[in-house]
Each structure stands twice: as structure tokens, then as C-alpha cells.
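*Asks:* What follows is a predicted structure for the sequence shown.
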Amino acid sequence: MQHMNKSNPAKPLSLICLSIGMLTLTGCASTTIKTTEVVPIVQQHNEIAEELLLDVGIAIFNPGIEEALEQADEDTIVFAEIRNAEARYFPQLMADTIQKSSAWGAVRVVPNNKAAVDVVLQGKILHSDGESMKINMVVKDASGRLWFSKDYQAIASRYSYDDKRKTQADAFQNIYNEISNDMLSYKKSLQNKQILDVRTITELKFAQSFAPETFKKHLSTNAKGQTVISQLPAQNDPMLNRIRQIRERDYLFIDTLQEYYSTFAKDMEQPYWRWRQESYQEVMALRSLDKSSDRRMAVGAATLVAGILSAAKSSNRIVRTSGTATMAAGGYIIKSAIDQDNESKIHVEALQELGDSLEASIEPNVIELEDRSVTLSGTVDNQYKQWREILREIYRIDTTGQVSQ
């Protein structure tokens, strides 16, 4: 029994040494590899006939806040103010990228997916923290044909936030390039007649929104749930000519919105870049602390248990003293882990402060437009709804000569 008493304490002590050795090795074994490969934008080099140019509308993104909060754990940080700002900022970057492909007609950011455009992009932010970004993109044309629904994601290189390279492309520009390339690839698979039909459907849908009874006979829905042309109106149809004039006014308003989105993106660029830079650093620090804290907590618990067993089972005073020292060491390691966990919370708070600061820096200005002594106010989406009502009023006056009550 004496032999067993002398050998037993050595067993937990060897466990301690092994655990501490593993702690040291684990701290050196983690390696993160990030790609800096650039996805080039595929460009259309052949000239496209004007009637085959499809107009593109990028709707304001869904910020994905509710889903993010539902799926979030205690280590996940979701800033509503950041997401809402990103939902307005990302579409502008997307529009700039698509325009560089030289394959489309007008490319505009639109308040929602109800705008009268040939192709609509609807994005949803799934993740965004400066280190990585993931979005879902759904692309459809006016007929309701789904071009694709796809998740895009990328991880930023640490060089993306180097102060010396501040003028470089967005950290996640590859995502926008890939989406633009996928759109062009799908467009090339369409026949010219399909493209012409899409443009006609866009015009007739816009006409239906103002005069449903007059234009409902021109469109129908097929077995796939897609909109198809039943019959074409005469090109000299006076009602269609009025609709086209109204549509030109709608274009003017949407073009005015482009100035808003462009100005917003420019105002947001610098503070958002800085937030991403600091967020990237905070996320890296937070992850490092979490891993270190978990390891320390595990080793500390093992050490503490080993010390308790060593002191309880041994009748040898020297061994018992060793066990007491082991317990003290285990308690210290656990305390160190708790301290690091508190430090992690400080990083979380720092991110929250950065989020509040960004919200103040990039808050959009209210746009006020006057037409016939009517002022549009509120959110961009609300202004667009008000504008469409004004257009309907103009259309009623042009066709009936009466102002609605």
C-alpha cells in the first residue's frame, strides 16, 4: 500500500505536466490561411443593340437582423444599426460593379423589388463582421423567371485593412464581382426574343399598375407561374404613350434617388472602413481570447481536481503539501481564464461603442422633393410610394381631366 500511495500522486502530477504541455503546444498550432486572389469582372466587349440592353435594379438589402439574433449565441455580436447601414451601402457597391461589366442598360439602386426594371437583385445579409461576409442573392427578371439564388461568402485578408492601402477595393469586392459574372453568364444563355419579351413585360407591368383594366389583357401567367405576353398593344396606342411619359417621370425620380444612395455611400465609406478595420481586430482578439480562456479553464479544472485527489488520498505530508500547491495552481489558472473572459467582454463592449459611433456618422439625410407643390418626406421607401401615388394622380388628370378626391 505504501508503494501505491507514493505512486498515485505522481499520476495526477504527470497529468498536470501533460496538460500544461498541451496548452503550450495548442497555442502554437492554430494557423489561419486567407486567400488574396482577385476575381476579375467579366466584361462584355461586343456592342449590344439598345433594344437588347436590360435595365437592372438592385433593391435595398434585407439586413437579416431578426434571423441573426435568433441564431446568435453568447459569442455572436449583431449590430442592428450597422446591418441597416450595410443594407443601403452594399447595393451601391453592387451597382458600381455591374456597371463595369458594360453588359447592361441602366443600373440603379431601387427602394424595393416593386420598381419597374427588367432584372431585380434582392440581397440578404447573412453575416458581416469585418473579418467575413456572407450574403444571399436572388436574381429574377420581370417575367418572374429565377436566374439564380445563391449564397456568396468571403474572408477578408488582414492586408485589407492596412492603413497604407486604404484606397484599394472593398475587402469583399470578390463577392460583387462573382455576382456580376454570374448575371452575365445567365444573360448570355438567353435568346434575343426572351430578352425582348422581358423588356416588353416590364413596360406592360408598369402600365398595369396605373391602368389595370386597360392592360390586364396583355399579360397572363403560365403553368410555371411566370408572366407571359398574351397580346401586344399597338405601338401608337394613346394610353400606352401616356404610360411611357409617366414612366419617364418615374425614371427621373429614381435617378434622383441615385444621387442619395451615391452620396450616402461616399459619406459611409471612410467611417465604415475604419469600423471594419477595428471590428476585424476585435474579432481576431476576441476569438484568440476565447480559445485561450477555454484552454486555461480546462487545464485549470484538471489541475484543481488533480490537487484535490492528491491531497485527499495521501497520508504523506510532503505529498499532501504538493497537492495543496497543485490546488493553488489550478485555482490560479481558472482565475486567469475568468479574467480573460472578462477581457473578452471588454472587446464586445468596444464593438458596441464602435457601432454606436458609426450609426451617428452615417445616418442618412431625409430627401425632400417638390412636384406640384408636394413635398416627399420620410424614408426613401415611403417617398417612393408617395411618388407613385403622385404619378397615378398625374395619369388620372391626363386621362380624365379630373383630380381625385
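*Replies:* It's in.
*Asks:* For this protein, give me the ranges with low pLDDT.
*Replies:* The chain contains residues with pLDDT under 70 at 1-36, 72-77, 165-167, 286-374, 377-379, 401-405.
*Asks:* let's go with 50 and repeat that
*Replies:* By pLDDT under 50, the weakly predicted segments of the chain are 1-35, 319-320, 344, 347-348, 351, 354-355, 357-359, 361-367, 369-371, 405.
*Asks:* May I see the buried residues of stretch 179-198?
*Replies:* 179, 180, 181, 182, 183, 184, 186, 187, 190, 195, 197, 198 (16 or more other CB atoms under 10 Å). The C-beta positions use only the backbone N, C-alpha and C, and glycine is treated the same way.
*Asks:* Likewise for stretch 37-45?
*Replies:* By neighbour count on 16+ other CB under 10 Å, the buried set for stretch 37-45 is 41, 42.
*Asks:* Name the residues that touch that stretch?
*Replies:* Residues from elsewhere that reach stretch 37-45, judged by CB atoms under 8 Å, 6 or more residues apart in numbering: 97, 100-103, 173-174, 177-178, 180-181, 184-185.
*Asks:* go on, stretch 134-144?
*Replies:* With contact meaning CB under 8 Å, 6+ apart, stretch 134-144 is reached by 54, 61, 90, 117-128, 146-153, 175, 179, 182-183, 186, 197-199, 201-202, 205, 225-228.
*Asks:* ok, now with 6 Å
*Replies:* Contact with stretch 134-144 is made by 118-127, 146-153, 179, 198, 201-202, 226-227, as judged by CB atoms under 6 Å, 6 or more residues apart in numbering.
*Asks:* can you put the contacts of stretch 37-45 in CSV and add distance to residue 242 and secondary structure?
*Replies:* What follows is the contacts of stretch 37-45, written out as CSV (distance: CB to CB, whole Å; DSSP: H, G, I helix; E, B strand; the rest coil):
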residue, distance to residue 242, secondary structure
97, 36, helix
100, 36, helix
101, 34, coil
102, 33, coil
103, 32, coil
173, 43, helix
174, 45, helix
177, 41, helix
178, 42, helix
180, 36, helix
181, 39, helix
184, 35, helix
185, 38, helix
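*Asks:* now those residues as TSV including distance to residue 262?
*Replies:* Putting the contacts of stretch 37-45 into TSV (distance: CB to CB, whole Å) gives the following:
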residue	distance to residue 262
97	14
100	15
101	19
102	19
103	21
173	18
174	22
177	20
178	23
180	18
181	23
184	23
185	27
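*Asks:* What's the separation between residue 126 and residue 150?
*Replies:* 12 Å (CB to CB, to the nearest Å).
*Asks:* who's more crowded, the two?
*Replies:* A count of neighbours by other CB atoms under 10 Å puts residue 126 above the other of residue 126 and residue 150, at 17 against 13.
*Asks:* Could you confirm that one falls within a strand?
*Replies:* Yes. Checked against DSSP: H, G, I helix; E, B strand; the rest coil, residue 126 lies within a strand.
*Asks:* What sits closest to it if chain neighbours are left out?
*Replies:* Using CB to CB, 6 or more residues apart in numbering and skipping residues adjacent in sequence, the residue nearest residue 126 is residue 134, 4.3 Å away.
*Asks:* What strands line up against the strand or helix carrying the one you found, and which way round?
*Replies:* Per DSSP states H and E: residue 134 is located in strand 132-141. Within its sheet, and counting by DSSP bridges, strand 132-141 is paired with strand 119-128 (antiparallel), strand 146-155 (antiparallel).
*Asks:* Out of those strands, which one sits most buried?
*Replies:* Most buried of the strands paired with strand 132-141, by mean neighbour count (mean count of other CB atoms under 10 Å): strand 119-128, with a mean of 21.
*Asks:* Need the CA coordinates for that strand. CSV is fine.
*Replies:* Taking Å, rounded to 0.1, in the frame of the first residue of the first chain, the C-alpha atoms of strand 119-128 are listed here in CSV:
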residue,chain,number,x,y,z
VAL,A,119,-33.9,42.5,-63.8
VAL,A,120,-34.1,42.8,-60.0
LEU,A,121,-31.5,41.8,-57.5
GLN,A,122,-32.6,41.0,-53.9
GLY,A,123,-29.9,40.6,-51.4
LYS,A,124,-29.9,39.4,-47.8
ILE,A,125,-27.1,39.8,-45.3
LEU,A,126,-26.4,36.5,-43.6
HIS,A,127,-23.1,37.5,-41.8
SER,A,128,-20.9,40.6,-41.7
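*Asks:* Turn the strands paired with strand 132-141 into a markdown table, columns for distance to residue 235.
*Replies:* Below are the strands paired with strand 132-141 laid out as a markdown table (distance: least, CB to CB, whole Å):
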| stretch | distance to residue 235 |
| --- | --- |
| strand 119-128 | 24 |
| strand 146-155 | 29 |
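*Asks:* right, and these - which one's nearest residue 67?
*Replies:* Nearest to residue 67 among the strands paired with strand 132-141 is strand 119-128 (7.8 Å), distances taken as CB to CB.
*Asks:* which non-adjacent residue is nearest residue 152?
*Replies:* residue 175 (4.5 Å).
*Asks:* quick one, helices of the protein?
*Replies:* Using DSSP state H, the helices found in the chain span residues 2-29, 65-71, 80-100, 173-188, 192-210, 212-215, 238-313, 317-362, 380-400.
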